[in-house]
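Chemist: Okay, sequence plus prediction incoming.
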Amino acid sequence: MPIYEYQCQSCGHELEKLQKMSDAPLTDCPSCETDGLQKKVSAAGFRLKGTGWYETDFKNKSNKKTTESSKNTTSSDP
């Protein structure tokens, strides 16, 4: 579920809310209790972690194979 950011147009209060994509947007401000909340447009706040990504798996393995094969080629030359 994504985290949405809201800002009240009346008092300027900001909040984040974990909601389903199908949920209706919030409208009531918890601070001033008016009908002034609007969704903000913001960057996604997530981070790709763990193994299985290009940087940690595929890139290093292919570099090792290339390096090992070049070492074998150069060491066999007289």
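Modeler: Looks like it came in fine. Residues are numbered from 1 along each chain as shown.

Chemist: Give me the distance between the nearest residue to Gln19 once chain neighbours are set aside and Asp35.
Modeler: Closest residue in space to Gln19, ignoring its immediate chain neighbours: Tyr4 at 5.6 Å, by Cβ to Cβ, 6 or more residues apart in numbering. From N, CA and C alone the C-beta is placed, and that goes for glycine too. Distance, Tyr4 to Asp35, by Cβ to Cβ, to the nearest Å: 17 Å.

Chemist: can you pull the buried residues of stretch 24-40?
Modeler: 26, 29, 36-37 (16 or more other Cβ atoms under 10 Å).

Chemist: And that stretch, end to end?
Modeler: Length of stretch 24-40, first residue to last, Cα to Cα, to the nearest Å: 15 Å.

Chemist: pLDDT on that stretch, on average?
Modeler: Averaging the model's pLDDT scores along stretch 24-40 yields 93.

Chemist: who touches that stretch?
Modeler: Applying Cβ atoms under 8 Å, 6 or more residues apart in numbering, the contact partners of stretch 24-40 are 4-11, 13-15, 17, 19.

Chemist: Mind doing that once more with 7 Å?
Modeler: The contact list for stretch 24-40 (Cβ atoms under 7 Å, 6 or more residues apart in numbering) reads 4-11, 13, 15, 17.

Chemist: could you pull out the helices for this structure?
Modeler: Under the criterion DSSP state H, the chain carries helices at the ranges 58-76.
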